[in-house]
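**Student:** Turn this into a structure:
(chains A and B)
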Amino acid sequence: MHRSSIKQLITRLHAQPPYAHTISYSAPHSNALVFSNMLNFFHSQMGAQNDVVTLFAQMQKSGLWPDVFVYPTLIKSVGNEGIVLHAHVLKLGFGCDKYVRNAMMDMYAKCGPIEVARQLFDEMCDKTVADWNVMVSGYWHWGCEVEACNLFDLMPQRNVISWTTMITGYSKVKDLKSARRYFDEMPQKNIVSCNAMLSGYAQNGFAEEAMGLFNEMMNSGIQPNATTWVAVISSCSSLGDPCLAESLVKMLDEKHVHLNYFVKTALLDMHAKCGSLETAREIFDELGVRKNSVTWNAMISGYTRVGDLTSARELFDRVPKRNVVSWNSMIAGYAQNGQSAMALELFQEMAATKDFKPDEVTMVSVLSACGHLGALELGNWVVNFLTKNRIKLSISGYNSLIFMYSKCGSMNDARKVFQKMAARDVISYNTLITGFAVYGHGSEALKLMFKMKDEGIEPDRITYIGVLTACSHGGLLEAGRKIFESIENPGVDHYACMVDLLGRVGKLDEAKILIERMPMNPHAGVYGSLLNACRIHKRVDLGEVAAEKLFELEPQNSGNYVLLSNIYASRGRWEDVERVRKAMREGGVRKTTGWSWVEYGGKMHKFIVGDRSHARSGDIYCLLAELRKKMRNAGYIADKSCVLRDVEEEEKEEMVGTHSEKLAVAFALLVSEAGAVIRVVKNLRVCWDCHMAIKMISELERREIMVRDNNRFHCFSSGQCSCNDYW
DNA sequence: TTAGGGTTAG
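**Tutor:** Numbers count the residues shown, from 1 in each chain, chains lettered A, B, ... in the order given. Predicted coordinates:
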């Protein structure tokens, strides 16, 4: 089309809103081609959309209208504005140009609606391969697998791009087998198609397959480029193999590979995940001003992975442009390193900033933290937050909900979430099974395992640990035996569970034989189970054998000394008790302090024996005295096992706050003090006095109170404890 | 003209 005719068209457009505001045309006085080339340059080299738009505006100001070659670029860059452009294209008569037409269709295919793309596609009578490819790619983009496949099958001719589109399509839906099928079938491969397959593997956790393909590529003489290296390096990261990391670094060096920004970031992450945090930090520092949020985040999670929360936090506080991932990395860092309270605090800070919307990843960490704290009240608040903020959950999100409810003892809620899920994975089952196991619901756990098999989900290592634990806690000896025998290659943990099961039901000699026949070296868990069984059944001979092994395996674990000492005590062998205690003192082994917490008023209150740091400490001790008096009057006398401290005069401060609040907090302290006994004696019946006190409070309160000690969760309602067997 | 790139979670 000649320039003068374009001028005429545009002049006409002036009179027709809404186009009038877009175009201010005057006589051309500069070279349109120069601008066009610049536009193309900005778009293809820099990916700088804003610059394209600015330049476009500039062109208009200068009175230039871009020629036909610029249209594809423009349409890609301006997104929805492209619809206006589409109108221009048609009015200007460029609709028949095959490149413009293809780009236009691609715009609709990528930005939607896909139906418009299809309409354009169907209207074409001289379709090129590129048109077919754009359409197939568009269908994949919108998750229309069937349509994509049908169209691919109908293609009159295919090129390497058509095949590659299918490979990436299947990779995106995590169907790597189909992706590989297309990869193997394609008549010709190039570096891009290899990279598509390689990245598919890398992004879906098939690191070994990625490494395999990389070796094939190297043997077939295809030269890797930066994209290849990024995929290979990130596969190595997920394998966490330091030797592989070292050989990759060597290879990069030998081949004199230019390390671009992406390769460097991938290398940073690889070093952080393969144990060389110093090297990762060197790369991080070398990047200087070129660091972006991804590099910062990778470094932060590098530190949290090794538990160095101080360095992680120091970086987090310095990130110039935080994004959701920065917050998620730090919150997950706290949650995974036992700092649940800090994780929740940071989450609240994040929610308060309003600049960042917490996403599913954030909530997974937050729910995990609630679970670890046993904070049901807070957990329910989080569930509310999810609905209010319309945060959509995938399987892993629902799994963390199951985890939270299970850890908080709300097995009914955990089950409800599980039932509501449209799709479940092995972790969904494992989380619920483990929950049932902890609470001794053996048959429920077993039922779930059969259900998962029916649904075609294979039980894994964790499933069997869960089910065996459930049998152990539920006293299901025969069922446990059968399951153990059905495990193909039982691991050391499965043996530990079986020893625990046999030991708890009193079959100690059988447990001993099982240990002797183990094909691998037993770890501390195996002997620990045996020692615990010896404590339950007062077996000194076997207990000594187990303890001896444990002192070798974990000399600093005070629990083993205490258990052995208690076995002696149960038989009245006081000299041996003293001998063990002396060995403990001389070995510098210190008892770990007992602690517990309660959730009250949405806050977590943590208590250590003898600790006075709690803000309500004065009240607590006052109330403790009252309780003690009541208990004595009721005929319950606190003995040495249950430390009920005398209240000192100066602690009798004036009461502040409501009575119920004080009761709840006092209750916590009481359990805390019993907690020390629980941990040491491991026989909860000695805490009878505490139990009575707790019952009294919950009766008085006439409401549910939830408490967690180190290992278990208790729910008291009108004086009834949900874990009666526990006490 | 259409295909391939790094970080976070159970």
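
**Student:** Can you read off the pLDDT for the closest residue to DNA strand B within the stretch 51-200 of chain A?
**Tutor:** Proximity of the stretch 51-200 of chain A to DNA strand B (CB to the nearest atom of the strand) peaks at residue A:130, 2.6 Å away. Using the backbone N, CA and C atoms, a C-beta is placed for each residue, glycine as well. Residue A:130 carries a pLDDT value of 93.

**Student:** what's around it, how many residues?
**Tutor:** When neighbours are counted by other CB atoms under 10 Å, residue A:130 registers 18.

**Student:** got the contact list for it?
**Tutor:** By CB atoms under 8 Å, 6 or more residues apart in numbering, the residues touching residue A:130 are A:102, A:161.

**Student:** how about 6 Å then?
**Tutor:** Under the criterion of CB atoms under 6 Å, 6 or more residues apart in numbering, the neighbours of residue A:130 are residue A:102.

**Student:** swap in residue A:528?
**Tutor:** So residue A:528 contacts nothing (CB under 6 Å, 6+ apart).

**Student:** can you pull the pLDDT of it?
**Tutor:** Looking at residue A:528, its pLDDT is 91.

**Student:** Please apply the same query to residue A:457.
**Tutor:** At residue A:457, pLDDT is 89.

**Student:** follow-up on the earlier one: so which strand or helix has the residue of the stretch 51-200 of chain A closest to DNA strand B?
**Tutor:** Counting by DSSP states H and E, the element that carries residue A:130 is helix A:129-141.

**Student:** could you point out which element follows that helix?
**Tutor:** Following helix A:129-141 toward the C-terminus (DSSP H and E): helix A:145-154.

**Student:** which other helices and strands contact whatever helix or strand comes next after that following helix?
**Tutor:** Going down the chain from helix A:145-154, the next helix or strand is helix A:160-172, by DSSP H and E. Packing partners of helix A:160-172 (3 or more CB pairs under 6 Å, 6 or more residues apart in numbering; DSSP states H and E): helix A:129-141, helix A:176-185, helix A:191-203.

**Student:** Can I get the last one as PDB, trimmed to CA atoms?
**Tutor:** I take that to be helix A:191-203. Listed next in PDB are the C-alpha coordinates belonging to helix A:191-203 (Å, rounded to 0.1, in the frame of the first residue of the first chain):
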ATOM      1  CA  ILE A 191      18.900 -27.100  20.100                       C
ATOM      2  CA  VAL A 192      15.600 -25.400  20.900                       C
ATOM      3  CA  SER A 193      13.600 -28.700  20.900                       C
ATOM      4  CA  CYS A 194      16.300 -30.400  23.000                       C
ATOM      5  CA  ASN A 195      16.100 -27.500  25.500                       C
ATOM      6  CA  ALA A 196      12.300 -27.800  25.600                       C
ATOM      7  CA  MET A 197      12.600 -31.400  26.600                       C
ATOM      8  CA  LEU A 198      15.400 -30.700  29.000                       C
ATOM      9  CA  SER A 199      13.600 -27.800  30.700                       C
ATOM     10  CA  GLY A 200      10.500 -29.900  30.900                       C
ATOM     11  CA  TYR A 201      12.400 -32.500  32.900                       C
ATOM     12  CA  ALA A 202      14.200 -29.900  35.000                       C
ATOM     13  CA  GLN A 203      11.000 -27.900  35.900                       C
END
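
**Student:** can you list the residues that contact it?
**Tutor:** A:160, A:164, A:167-168, A:171, A:176, A:179, A:183, A:209-210, A:213, A:217, A:222, A:225, A:227-228, A:231, A:234-235.
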